[in-house]
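Student: Fold the following for me, if possible:
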Amino acid sequence: MKRILTKLSNLKLNVKIRLFFIIIILVFSLVYTMLYSTMLKYNREYNQILHSATIASGFSIDFKSNFDYKMYRIIIGSKPFYEENPYEDIANAQDLATKLQNEAKTDGNKDRAQTIYKFLENLARHVNKIEGNLMESGHYDENMTILENDIRVLTLLIQDTVLEYIYYETLEMEQVRVQMYDQMMNTMKFSLIMLGIVVTGGLFSSVVISNSISKPIKQLSTITNQVAKGDLTVRSNIKNGVEVKVLSDSLNIMIEKLSNLIEAVKVEQSNLRETELRLLQEQINPHFLYNTLDTITWLAEANKSREVVLMVGSLSNYFRTSLSSGKDLVTLGDEELHVRSYLQIQQLRYEDILTYEITIEEELATCRIPKISLQPLVENALYHGIKNKRGMGKIIINGKRIMNDIILTVSDNGIGMTKERLEEVLGVLSQRGDHRKDIYGLYNVNERLHLYFGEGYGINIQSEHMKGTKVSIKIPVQYNQDK
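Tutor: Numbering: from 1, shown residues only. Model (predicted):
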(Lines give C-alpha, C1' and ligand atoms only; values in the text may rest on other atoms or scores of the structure.)
Protein backbone atom coordinates (compact mmCIF):
# COMPACT_ATOMS: atom_id res chain seq x y z
CA MET A 1 0.00 0.00 0.00
CA LYS A 2 2.82 2.33 0.88
CA ARG A 3 4.54 1.69 -2.45
CA ILE A 4 1.32 2.50 -4.30
CA LEU A 5 0.97 5.80 -2.41
CA THR A 6 4.58 6.68 -3.22
CA LYS A 7 4.02 6.04 -6.92
CA LEU A 8 0.83 8.10 -6.87
CA SER A 9 2.55 10.99 -5.11
CA ASN A 10 5.26 11.07 -7.79
CA LEU A 11 2.75 11.40 -10.62
CA LYS A 12 2.11 14.73 -12.29
CA LEU A 13 -0.76 16.74 -10.88
CA ASN A 14 -2.90 16.48 -14.01
CA VAL A 15 -2.28 12.71 -14.15
CA LYS A 16 -3.44 12.38 -10.54
CA ILE A 17 -6.64 14.27 -11.25
CA ARG A 18 -7.34 12.31 -14.43
CA LEU A 19 -6.72 9.01 -12.65
CA PHE A 20 -9.12 10.00 -9.92
CA PHE A 21 -11.77 10.91 -12.49
CA ILE A 22 -11.29 7.65 -14.42
CA ILE A 23 -11.85 5.58 -11.27
CA ILE A 24 -15.00 7.51 -10.41
CA ILE A 25 -16.37 7.20 -13.95
CA LEU A 26 -15.71 3.44 -14.14
CA VAL A 27 -17.42 2.74 -10.82
CA PHE A 28 -20.25 5.19 -11.13
CA SER A 29 -20.64 5.12 -14.91
CA LEU A 30 -24.42 5.41 -14.68
CA VAL A 31 -25.09 6.72 -11.19
CA TYR A 32 -22.68 9.60 -11.38
CA THR A 33 -23.28 10.99 -14.85
CA MET A 34 -24.34 14.27 -13.30
CA LEU A 35 -21.37 14.14 -10.95
CA TYR A 36 -19.00 13.70 -13.89
CA SER A 37 -20.34 16.73 -15.73
CA THR A 38 -20.16 18.78 -12.55
CA MET A 39 -16.64 17.66 -11.78
CA LEU A 40 -15.59 18.40 -15.36
CA LYS A 41 -16.88 21.92 -14.99
CA TYR A 42 -14.97 22.50 -11.77
CA ASN A 43 -11.88 20.88 -13.23
CA ARG A 44 -11.99 23.30 -16.16
CA GLU A 45 -12.26 26.25 -13.80
CA TYR A 46 -9.52 24.83 -11.61
CA ASN A 47 -7.18 24.34 -14.55
CA GLN A 48 -7.98 27.81 -15.82
CA ILE A 49 -7.05 29.31 -12.48
CA LEU A 50 -3.98 27.11 -12.24
CA HIS A 51 -2.96 28.15 -15.75
CA SER A 52 -3.40 31.81 -14.81
CA ALA A 53 -1.33 31.33 -11.66
CA THR A 54 1.33 29.53 -13.72
CA ILE A 55 1.52 32.47 -16.12
CA ALA A 56 1.85 34.83 -13.17
CA SER A 57 4.64 32.69 -11.75
CA GLY A 58 6.44 33.23 -15.05
CA PHE A 59 6.84 36.86 -14.02
CA SER A 60 10.40 36.72 -12.68
CA ILE A 61 10.65 37.04 -8.91
CA ASP A 62 13.87 38.93 -9.58
CA PHE A 63 12.27 41.42 -12.00
CA LYS A 64 12.58 44.32 -9.58
CA SER A 65 16.18 43.68 -8.47
CA ASN A 66 17.36 42.79 -11.99
CA PHE A 67 15.68 45.78 -13.65
CA ASP A 68 16.78 48.24 -10.92
CA TYR A 69 20.37 46.97 -11.11
CA LYS A 70 20.32 47.11 -14.91
CA MET A 71 19.17 50.77 -14.91
CA TYR A 72 21.75 51.58 -12.22
CA ARG A 73 24.56 50.17 -14.38
CA ILE A 74 23.25 52.14 -17.37
CA ILE A 75 23.16 55.40 -15.38
CA ILE A 76 26.68 55.04 -13.94
CA GLY A 77 27.98 54.13 -17.39
CA SER A 78 29.05 50.59 -16.50
CA LYS A 79 26.98 49.21 -19.38
CA PRO A 80 25.72 50.99 -22.53
CA PHE A 81 22.00 51.49 -22.91
CA TYR A 82 21.71 49.57 -26.19
CA GLU A 83 23.45 46.54 -24.73
CA GLU A 84 21.24 46.26 -21.64
CA ASN A 85 18.05 47.11 -23.67
CA PRO A 86 15.60 47.61 -20.76
CA TYR A 87 12.78 48.05 -23.29
CA GLU A 88 12.97 44.34 -24.04
CA ASP A 89 12.38 43.50 -20.36
CA ILE A 90 9.41 45.87 -20.26
CA ALA A 91 7.96 44.41 -23.48
CA ASN A 92 8.24 40.86 -22.12
CA ALA A 93 6.59 41.94 -18.89
CA GLN A 94 3.79 43.65 -20.83
CA ASP A 95 3.16 40.43 -22.77
CA LEU A 96 2.80 38.60 -19.46
CA ALA A 97 0.49 41.30 -18.13
CA THR A 98 -1.72 40.94 -21.22
CA LYS A 99 -1.87 37.18 -20.74
CA LEU A 100 -2.71 37.65 -17.07
CA GLN A 101 -5.59 39.95 -17.99
CA ASN A 102 -6.94 37.43 -20.49
CA GLU A 103 -6.60 34.49 -18.10
CA ALA A 104 -7.79 36.18 -14.90
CA LYS A 105 -10.75 34.47 -13.25
CA THR A 106 -12.01 37.44 -11.26
CA ASP A 107 -12.69 41.05 -12.21
CA GLY A 108 -10.34 42.14 -9.42
CA ASN A 109 -7.43 40.29 -10.97
CA LYS A 110 -8.30 41.63 -14.43
CA ASP A 111 -7.98 45.11 -12.94
CA ARG A 112 -4.69 44.14 -11.28
CA ALA A 113 -3.31 42.86 -14.58
CA GLN A 114 -4.39 46.10 -16.26
CA THR A 115 -2.73 48.06 -13.44
CA ILE A 116 0.52 46.10 -13.98
CA TYR A 117 0.38 47.03 -17.67
CA LYS A 118 -0.10 50.74 -16.80
CA PHE A 119 2.81 50.58 -14.35
CA LEU A 120 4.96 49.11 -17.12
CA GLU A 121 3.91 51.91 -19.50
CA ASN A 122 4.93 54.48 -16.86
CA LEU A 123 8.18 52.56 -16.35
CA ALA A 124 8.87 52.75 -20.09
CA ARG A 125 8.32 56.51 -20.03
CA HIS A 126 10.84 56.97 -17.22
CA VAL A 127 13.34 54.72 -18.99
CA ASN A 128 12.83 56.77 -22.15
CA LYS A 129 13.55 59.94 -20.18
CA ILE A 130 16.79 58.46 -18.84
CA GLU A 131 17.71 57.38 -22.38
CA GLY A 132 17.25 60.93 -23.55
CA ASN A 133 19.32 62.28 -20.66
CA LEU A 134 22.14 59.86 -21.42
CA MET A 135 22.54 61.46 -24.84
CA GLU A 136 23.58 64.60 -22.99
CA SER A 137 26.07 64.96 -20.15
CA GLY A 138 25.32 66.54 -16.79
CA HIS A 139 22.12 64.59 -16.01
CA TYR A 140 23.64 62.03 -13.63
CA ASP A 141 21.87 63.40 -10.51
CA GLU A 142 18.56 63.71 -12.40
CA ASN A 143 18.85 60.13 -13.66
CA MET A 144 19.64 58.83 -10.16
CA THR A 145 16.58 60.72 -8.84
CA ILE A 146 14.40 59.09 -11.51
CA LEU A 147 15.84 55.70 -10.56
CA GLU A 148 15.22 56.17 -6.84
CA ASN A 149 11.88 58.01 -6.90
CA ASP A 150 10.21 56.60 -9.99
CA ILE A 151 11.70 53.40 -11.37
CA ARG A 152 12.31 51.62 -8.07
CA VAL A 153 8.90 52.63 -6.81
CA LEU A 154 7.23 51.36 -10.00
CA THR A 155 9.12 48.05 -9.98
CA LEU A 156 8.13 47.58 -6.33
CA LEU A 157 4.49 48.30 -7.18
CA ILE A 158 4.67 45.87 -10.12
CA GLN A 159 6.15 43.14 -7.96
CA ASP A 160 3.58 43.69 -5.17
CA THR A 161 0.71 43.68 -7.66
CA VAL A 162 1.93 40.42 -9.24
CA LEU A 163 2.08 38.85 -5.78
CA GLU A 164 -1.45 40.08 -5.08
CA TYR A 165 -2.59 38.60 -8.38
CA ILE A 166 -1.11 35.20 -7.50
CA TYR A 167 -2.57 35.40 -4.01
CA TYR A 168 -6.15 36.04 -5.17
CA GLU A 169 -5.87 33.47 -7.94
CA THR A 170 -4.79 30.99 -5.27
CA LEU A 171 -7.80 31.91 -3.15
CA GLU A 172 -10.06 31.37 -6.13
CA MET A 173 -8.41 28.00 -6.70
CA GLU A 174 -9.16 27.02 -3.13
CA GLN A 175 -12.81 28.05 -3.50
CA VAL A 176 -13.13 25.92 -6.61
CA ARG A 177 -11.51 23.02 -4.83
CA VAL A 178 -13.88 23.36 -1.90
CA GLN A 179 -16.91 23.55 -4.19
CA MET A 180 -15.71 20.52 -6.09
CA TYR A 181 -15.15 18.64 -2.85
CA ASP A 182 -18.61 19.55 -1.50
CA GLN A 183 -20.33 18.44 -4.69
CA MET A 184 -18.51 15.17 -4.61
CA MET A 185 -19.46 14.59 -0.98
CA ASN A 186 -23.15 15.33 -1.64
CA THR A 187 -23.28 12.84 -4.45
CA MET A 188 -21.45 10.25 -2.41
CA LYS A 189 -23.98 10.62 0.39
CA PHE A 190 -26.70 9.86 -2.12
CA SER A 191 -25.07 6.54 -3.07
CA LEU A 192 -23.56 5.76 0.34
CA ILE A 193 -25.87 2.82 1.04
CA MET A 194 -25.09 1.02 -2.23
CA LEU A 195 -21.48 1.89 -2.76
CA GLY A 196 -20.00 2.65 0.67
CA ILE A 197 -16.66 1.05 -0.05
CA VAL A 198 -16.25 2.93 -3.34
CA VAL A 199 -17.18 6.18 -1.65
CA THR A 200 -14.55 5.58 1.02
CA GLY A 201 -11.94 4.99 -1.69
CA GLY A 202 -12.98 8.17 -3.44
CA LEU A 203 -12.66 10.18 -0.26
CA PHE A 204 -9.25 8.70 0.40
CA SER A 205 -8.13 9.57 -3.14
CA SER A 206 -9.31 13.14 -2.77
CA VAL A 207 -7.35 13.51 0.48
CA VAL A 208 -4.18 12.18 -1.16
CA ILE A 209 -4.51 14.58 -4.10
CA SER A 210 -5.29 17.48 -1.82
CA ASN A 211 -2.31 16.77 0.41
CA SER A 212 0.00 16.36 -2.59
CA ILE A 213 -0.84 19.96 -3.46
CA SER A 214 -1.22 21.71 -0.11
CA LYS A 215 1.66 20.18 1.86
CA PRO A 216 4.42 20.96 -0.66
CA ILE A 217 3.07 24.46 -1.12
CA LYS A 218 3.12 25.00 2.65
CA GLN A 219 6.70 23.74 2.78
CA LEU A 220 7.71 26.10 -0.02
CA SER A 221 5.93 28.97 1.74
CA THR A 222 7.93 28.26 4.90
CA ILE A 223 11.18 28.24 2.94
CA THR A 224 10.40 31.50 1.11
CA ASN A 225 9.46 33.18 4.42
CA GLN A 226 12.84 32.20 5.89
CA VAL A 227 14.63 33.52 2.81
CA ALA A 228 12.67 36.76 3.05
CA LYS A 229 13.97 37.14 6.62
CA GLY A 230 17.55 36.83 5.34
CA ASP A 231 18.27 33.17 6.05
CA LEU A 232 20.02 31.90 2.90
CA THR A 233 21.11 28.60 4.45
CA VAL A 234 17.69 26.94 4.12
CA ARG A 235 16.96 24.50 1.31
CA SER A 236 13.78 22.85 0.07
CA ASN A 237 13.70 19.04 0.19
CA ILE A 238 10.45 18.12 -1.58
CA LYS A 239 10.62 14.72 -3.25
CA ASN A 240 7.02 14.06 -4.33
CA GLY A 241 5.04 15.79 -7.09
CA VAL A 242 6.70 16.49 -10.40
CA GLU A 243 5.62 20.13 -10.76
CA VAL A 244 6.27 21.04 -7.13
CA LYS A 245 9.64 19.27 -7.18
CA VAL A 246 10.69 21.35 -10.19
CA LEU A 247 9.62 24.48 -8.31
CA SER A 248 11.54 23.28 -5.25
CA ASP A 249 14.73 22.70 -7.24
CA SER A 250 14.41 26.11 -8.92
CA LEU A 251 13.98 27.75 -5.51
CA ASN A 252 17.14 26.08 -4.24
CA ILE A 253 19.09 27.26 -7.28
CA MET A 254 17.77 30.79 -6.80
CA ILE A 255 18.79 30.83 -3.12
CA GLU A 256 22.26 29.54 -3.99
CA LYS A 257 22.76 32.17 -6.70
CA LEU A 258 21.51 34.90 -4.36
CA SER A 259 23.95 33.79 -1.68
CA ASN A 260 26.84 33.72 -4.16
CA LEU A 261 25.87 37.15 -5.48
CA ILE A 262 25.88 38.65 -1.99
CA GLU A 263 29.32 37.17 -1.30
CA ALA A 264 30.60 38.46 -4.65
CA VAL A 265 29.33 41.97 -3.83
CA LYS A 266 31.10 41.86 -0.47
CA VAL A 267 34.38 40.83 -2.11
CA GLU A 268 33.98 43.50 -4.80
CA GLN A 269 33.36 46.19 -2.19
CA SER A 270 36.45 45.08 -0.27
CA ASN A 271 38.56 45.17 -3.43
CA LEU A 272 37.18 48.61 -4.30
CA ARG A 273 38.15 50.03 -0.91
CA GLU A 274 41.63 48.57 -1.26
CA THR A 275 41.98 50.06 -4.73
CA GLU A 276 40.88 53.50 -3.52
CA LEU A 277 43.47 53.45 -0.72
CA ARG A 278 46.24 52.37 -3.05
CA LEU A 279 45.23 55.05 -5.57
CA LEU A 280 45.50 57.68 -2.84
CA GLN A 281 48.96 56.44 -2.01
CA GLU A 282 49.96 56.63 -5.68
CA GLN A 283 48.69 60.21 -5.90
CA ILE A 284 50.88 61.39 -3.03
CA ASN A 285 54.14 59.46 -3.42
CA PRO A 286 56.29 60.31 -0.37
CA HIS A 287 59.54 59.24 -2.04
CA PHE A 288 58.90 61.55 -4.97
CA LEU A 289 58.18 64.43 -2.58
CA TYR A 290 61.27 63.74 -0.44
CA ASN A 291 63.55 63.51 -3.47
CA THR A 292 62.12 66.72 -4.91
CA LEU A 293 62.60 68.59 -1.64
CA ASP A 294 66.17 67.29 -1.42
CA THR A 295 66.79 68.55 -4.94
CA ILE A 296 65.39 71.97 -4.01
CA THR A 297 67.71 72.03 -0.99
CA TRP A 298 70.91 71.39 -2.90
CA LEU A 299 69.84 73.80 -5.65
CA ALA A 300 69.34 76.49 -3.01
CA GLU A 301 72.73 75.68 -1.45
CA ALA A 302 74.26 76.02 -4.92
CA ASN A 303 72.61 79.45 -5.28
CA LYS A 304 70.65 78.28 -8.29
CA SER A 305 67.65 80.47 -7.53
CA ARG A 306 66.18 80.20 -11.03
CA GLU A 307 66.08 76.41 -10.83
CA VAL A 308 64.64 76.59 -7.30
CA VAL A 309 61.82 78.85 -8.44
CA LEU A 310 61.12 76.61 -11.42
CA MET A 311 61.07 73.43 -9.32
CA VAL A 312 58.89 74.92 -6.56
CA GLY A 313 56.43 76.20 -9.15
CA SER A 314 56.34 72.81 -10.87
CA LEU A 315 55.85 71.04 -7.52
CA SER A 316 52.99 73.40 -6.66
CA ASN A 317 51.32 72.79 -10.02
CA TYR A 318 51.87 69.03 -9.64
CA PHE A 319 50.04 68.76 -6.32
CA ARG A 320 47.37 71.33 -7.22
CA THR A 321 46.38 69.37 -10.30
CA SER A 322 46.65 66.09 -8.36
CA LEU A 323 44.03 67.27 -5.88
CA SER A 324 41.82 68.90 -8.54
CA SER A 325 39.27 70.05 -5.93
CA GLY A 326 38.32 66.43 -5.25
CA LYS A 327 37.08 65.82 -8.80
CA ASP A 328 37.72 62.45 -10.44
CA LEU A 329 37.47 63.81 -13.99
CA VAL A 330 39.61 66.76 -15.06
CA THR A 331 40.26 68.53 -18.32
CA LEU A 332 43.00 67.28 -20.59
CA GLY A 333 44.60 70.70 -20.22
CA ASP A 334 44.90 70.21 -16.44
CA GLU A 335 46.19 66.67 -16.97
CA GLU A 336 48.82 68.03 -19.37
CA LEU A 337 49.87 70.65 -16.79
CA HIS A 338 50.14 67.89 -14.18
CA VAL A 339 52.40 65.65 -16.25
CA ARG A 340 54.41 68.63 -17.55
CA SER A 341 55.08 69.69 -13.95
CA TYR A 342 56.17 66.17 -13.12
CA LEU A 343 58.56 66.07 -16.09
CA GLN A 344 59.98 69.51 -15.27
CA ILE A 345 60.84 68.29 -11.77
CA GLN A 346 62.33 65.04 -13.02
CA GLN A 347 64.32 66.78 -15.75
CA LEU A 348 66.00 69.00 -13.15
CA ARG A 349 66.91 65.86 -11.21
CA TYR A 350 67.96 63.77 -14.24
CA GLU A 351 69.15 66.47 -16.61
CA ASP A 352 71.94 64.22 -17.91
CA ILE A 353 69.61 61.45 -19.12
CA LEU A 354 66.15 62.99 -19.66
CA THR A 355 64.53 65.21 -22.26
CA TYR A 356 60.85 65.35 -23.10
CA GLU A 357 58.37 66.68 -25.63
CA ILE A 358 54.62 67.22 -25.22
CA THR A 359 52.38 67.78 -28.23
CA ILE A 360 48.62 67.69 -27.56
CA GLU A 361 46.11 69.32 -29.92
CA GLU A 362 44.78 72.55 -28.41
CA GLU A 363 41.14 71.76 -29.24
CA LEU A 364 41.34 68.82 -26.81
CA ALA A 365 42.27 70.96 -23.80
CA THR A 366 38.69 71.04 -22.44
CA CYS A 367 38.02 67.32 -22.96
CA ARG A 368 37.49 65.18 -19.87
CA ILE A 369 39.86 62.47 -18.65
CA PRO A 370 40.25 60.65 -15.31
CA LYS A 371 42.86 62.52 -13.33
CA ILE A 372 46.38 61.11 -13.01
CA SER A 373 46.10 59.01 -16.15
CA LEU A 374 49.30 60.17 -17.89
CA GLN A 375 51.72 60.57 -14.96
CA PRO A 376 51.89 56.82 -14.06
CA LEU A 377 52.74 56.07 -17.70
CA VAL A 378 55.48 58.72 -17.76
CA GLU A 379 56.83 57.44 -14.44
CA ASN A 380 57.04 53.91 -15.87
CA ALA A 381 58.81 55.24 -18.96
CA LEU A 382 61.38 57.01 -16.79
CA TYR A 383 62.08 54.42 -14.10
CA HIS A 384 61.61 51.21 -16.11
CA GLY A 385 62.76 52.43 -19.49
CA ILE A 386 65.18 55.35 -19.61
CA LYS A 387 67.01 54.80 -16.28
CA ASN A 388 67.78 51.21 -17.27
CA LYS A 389 69.49 52.22 -20.50
CA ARG A 390 72.69 54.19 -20.87
CA GLY A 391 72.75 57.53 -22.59
CA MET A 392 70.27 60.34 -23.08
CA GLY A 393 66.63 59.30 -23.02
CA LYS A 394 63.59 61.06 -24.35
CA ILE A 395 59.89 60.85 -23.46
CA ILE A 396 57.40 62.02 -26.09
CA ILE A 397 53.74 62.65 -25.24
CA ASN A 398 51.29 63.10 -28.11
CA GLY A 399 47.55 63.68 -28.14
CA LYS A 400 45.25 63.80 -31.13
CA ARG A 401 41.63 63.26 -32.05
CA ILE A 402 40.58 60.42 -34.36
CA MET A 403 36.87 60.52 -35.22
CA ASN A 404 35.05 60.49 -31.84
CA ASP A 405 38.04 59.24 -29.84
CA ILE A 406 41.17 60.74 -28.32
CA ILE A 407 44.47 58.84 -28.64
CA LEU A 408 47.16 59.80 -26.11
CA THR A 409 50.58 58.17 -26.44
CA VAL A 410 53.60 58.11 -24.12
CA SER A 411 56.70 56.96 -26.00
CA ASP A 412 60.25 56.50 -24.75
CA ASN A 413 63.52 55.31 -26.25
CA GLY A 414 64.44 53.35 -23.14
CA ILE A 415 65.38 49.73 -22.71
CA GLY A 416 61.94 48.44 -23.76
CA MET A 417 60.53 45.02 -22.96
CA THR A 418 61.24 41.55 -24.20
CA LYS A 419 58.46 39.71 -26.01
CA GLU A 420 57.89 37.51 -22.97
CA ARG A 421 57.72 40.47 -20.57
CA LEU A 422 55.31 42.33 -22.87
CA GLU A 423 53.00 39.31 -23.03
CA GLU A 424 53.14 39.04 -19.24
CA VAL A 425 52.20 42.71 -18.75
CA LEU A 426 49.35 42.54 -21.29
CA GLY A 427 48.10 39.35 -19.61
CA VAL A 428 48.02 40.99 -16.17
CA LEU A 429 46.16 44.01 -17.57
CA SER A 430 43.47 41.70 -18.96
CA GLN A 431 42.95 39.87 -15.65
CA ARG A 432 40.34 41.75 -13.61
CA GLY A 433 41.11 41.83 -9.91
CA ASP A 434 44.56 40.17 -10.26
CA HIS A 435 47.54 42.46 -10.65
CA ARG A 436 51.17 42.77 -9.64
CA LYS A 437 52.59 45.59 -7.62
CA ASP A 438 55.27 46.46 -10.18
CA ILE A 439 52.69 47.43 -12.82
CA TYR A 440 50.00 48.70 -10.48
CA GLY A 441 50.12 52.16 -12.04
CA LEU A 442 49.33 50.78 -15.49
CA TYR A 443 46.69 48.43 -14.10
CA ASN A 444 44.99 51.19 -12.11
CA VAL A 445 44.83 53.57 -15.08
CA ASN A 446 43.44 50.82 -17.32
CA GLU A 447 40.77 49.83 -14.78
CA ARG A 448 39.64 53.41 -14.23
CA LEU A 449 39.33 53.97 -17.99
CA HIS A 450 37.18 50.81 -18.21
CA LEU A 451 35.04 52.05 -15.32
CA TYR A 452 34.42 55.52 -16.75
CA PHE A 453 34.17 54.77 -20.47
CA GLY A 454 33.54 51.04 -20.93
CA GLU A 455 35.49 47.99 -22.08
CA GLY A 456 36.18 49.47 -25.53
CA TYR A 457 38.58 52.01 -24.01
CA GLY A 458 41.81 51.68 -22.08
CA ILE A 459 45.54 51.07 -22.50
CA ASN A 460 47.47 49.46 -25.34
CA ILE A 461 51.21 48.72 -25.12
CA GLN A 462 53.80 48.27 -27.85
CA SER A 463 57.42 47.60 -26.92
CA GLU A 464 60.65 46.26 -28.40
CA HIS A 465 63.65 45.32 -26.35
CA MET A 466 66.51 47.89 -26.48
CA LYS A 467 64.43 50.20 -28.70
CA GLY A 468 61.73 51.60 -26.46
CA THR A 469 58.09 51.42 -25.41
CA LYS A 470 54.91 53.13 -26.60
CA VAL A 471 51.84 53.18 -24.35
CA SER A 472 48.57 54.42 -25.88
CA ILE A 473 45.41 55.57 -24.11
CA LYS A 474 42.10 55.56 -25.94
CA ILE A 475 39.20 57.58 -24.50
CA PRO A 476 36.04 59.07 -26.02
CA VAL A 477 35.75 62.76 -26.82
CA GLN A 478 33.76 64.28 -23.94
CA TYR A 479 34.00 68.02 -23.49
CA ASN A 480 33.97 69.42 -19.97
CA GLN A 481 30.62 71.02 -19.01
CA ASP A 482 31.84 72.79 -15.84
CA LYS A 483 32.00 76.53 -15.99
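Student: The chain - how does it break down into domains?
Tutor: What automatic domain parsing lists as the domains of the chain is 2-256, 284-476.
Student: Give me the buried positions along stretch 90-109.
Tutor: Neighbour-count burial for stretch 90-109, counted by 16 or more other Cβ atoms under 10 Å, picks out 90, 93, 94, 96, 97, 99, 100, 101, 103, 104, 105, 109. From N, CA and C alone the C-beta is placed, and that goes for glycine too.
Student: And stretch 327-344, by the same measure?
Tutor: Neighbour counts over stretch 327-344 (16+ other Cβ under 10 Å) mark 330-344 as buried.
Student: Let's see which of the residues you listed end up in helices.
Tutor: If you go by DSSP state H, the buried residues of stretch 327-344 have 332-344 in helices.
Student: neighbours around residue 143, how many?
Tutor: Using other Cβ atoms under 10 Å, residue 143 has 21 other residues around it.
Student: Now do the contacts for residue 475.
Tutor: By Cβ atoms under 8 Å, 6 or more residues apart in numbering, residue 475 lies in contact with 367, 369, 405, 406, 408, 449, 453, 457.
Student: pretty sure the second one is in a strand, no?
Tutor: Yes: remark: residue 369 belongs to a strand, assigned using DSSP: H, G, I helix; E, B strand; the rest coil.
Student: and it, what are its bridge partners?
Tutor: Beta-bridge pairing of residue 369 under DSSP bridges involves residue 330.
Student: and if you look at the fifth one?
Tutor: On the basis of DSSP bridges, residue 408 is bridged to residue 399, residue 473.
Student: okay, it: pLDDT?
Tutor: Looking at residue 408, its pLDDT is 96.
Student: give the contact list for it.
Tutor: Going by Cβ under 8 Å, 6+ apart, residue 408 touches 360, 373, 374, 397, 398, 399, 472, 473, 475.
Student: related to what we said a few turns ago, columns distance to residue 169 on top of the contacts of residue 475, output as JSON lines?
Tutor: As requested, the contacts of residue 475 are exported to JSON lines (distance: Cβ to Cβ, whole Å):
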{"residue": "367", "distance to residue 169": "57"}
{"residue": "369", "distance to residue 169": "56"}
{"residue": "405", "distance to residue 169": "54"}
{"residue": "406", "distance to residue 169": "57"}
{"residue": "408", "distance to residue 169": "60"}
{"residue": "449", "distance to residue 169": "51"}
{"residue": "453", "distance to residue 169": "47"}
{"residue": "457", "distance to residue 169": "49"}
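Student: Report the buried members of those.
Tutor: Neighbour counting by 16+ other Cβ under 10 Å classes 367, 369, 406, 408, 449, 453, 457 among these as buried.
Student: Which helix or which strand is home to the closest residue to residue 157 other than its chain neighbours?
Tutor: Nearest residue to residue 157 in three dimensions, chain neighbours excluded: residue 119, at 5.5 Å (Cβ to Cβ, 6 or more residues apart in numbering). Per DSSP states H and E, residue 119 falls inside helix 107-134.
Student: from the middle of its chain, how far away would that helix be?
Tutor: Centroid separation for helix 107-134 versus its chain: 22 Å, with Cα atoms, centre = their mean, to the nearest Å.
Student: name the helices or strands packed onto that helix?
Tutor: Based on contacts counted as 3 or more Cβ pairs under 8 Å, 6 or more residues apart in numbering; DSSP states H and E, the elements that helix 107-134 packs against are helix 63-76, helix 86-103, helix 140-146, helix 152-190.
Student: what comes up buried for that helix?
Tutor: By neighbour count with 16+ other Cβ under 10 Å, helix 107-134 contains the buried residues 109-110, 112-113, 115-117, 119-120, 122-124, 126-127, 129-130, 133-134.
Student: do stretch 471-483 as well
Tutor: 471, 472, 473, 474, 475, 478, 480.
Student: Go ahead and confirm residue 142 touches residue 136.
Tutor: No: contact criterion Cβ atoms under 8 Å: residue 142 and residue 136 do not qualify, at 10.2 Å.
Student: hmm, back to that, let me know the closest of the ones in helices among the buried residues of stretch 327-344 to residue 299.
Tutor: Residue 299 has its nearest neighbour among those in residue 344, at 13.0 Å by Cβ to Cβ.
Student: Can you flag the weakest of the domains of the chain by average pLDDT?
Tutor: Among the domains of the chain, domain 2-256 has the lowest mean pLDDT, at a mean of 76.
Student: one step back: closest one to residue 298 out of the ones in helices among the buried residues of stretch 327-344, please.
Tutor: Distance to residue 298 across those (Cβ to Cβ) is lowest for residue 344, with 16.9 Å.
Student: For the closest one, which non-adjacent residue is closest in space?
Tutor: Of all residues not flanking residue 344 in the chain, residue 314 sits nearest, at 4.1 Å (Cβ to Cβ, 6+ apart).
Student: What residues does the one you found make contact with?
Tutor: 340, 341, 342, 344, 345.
Student: And it, which helix or strand is it part of?
Tutor: Going by DSSP H and E, residue 314 is part of helix 305-323.
Student: Work out the gap between that helix and the centre of the chain.
Tutor: Relative to its chain's centre, helix 305-323 lies at 43 Å (Cα atoms, centre = their mean).
Student: Please identify the buried residues of it?
Tutor: 307, 308, 310, 311, 312, 314, 315, 317, 318, 321, 322.
Student: hang on, the fifth one packs against residue 296?
Tutor: What it means is residue 312. Yes: using Cβ under 8 Å, residue 312 makes contact with residue 296 at a distance of 6.5 Å.
Student: Residue 415 touches residue 388, doesn't it?
Tutor: Yes: using Cβ under 8 Å, residue 415 and residue 388 qualify as a contacting pair, with a distance of 4.4 Å.
Student: And these two? Which one has more around it.
Tutor: residue 415 (20 against 12).
Student: what kind of secondary structure is that one in?
Tutor: Secondary structure assignment for residue 415 (three-state DSSP): coil.
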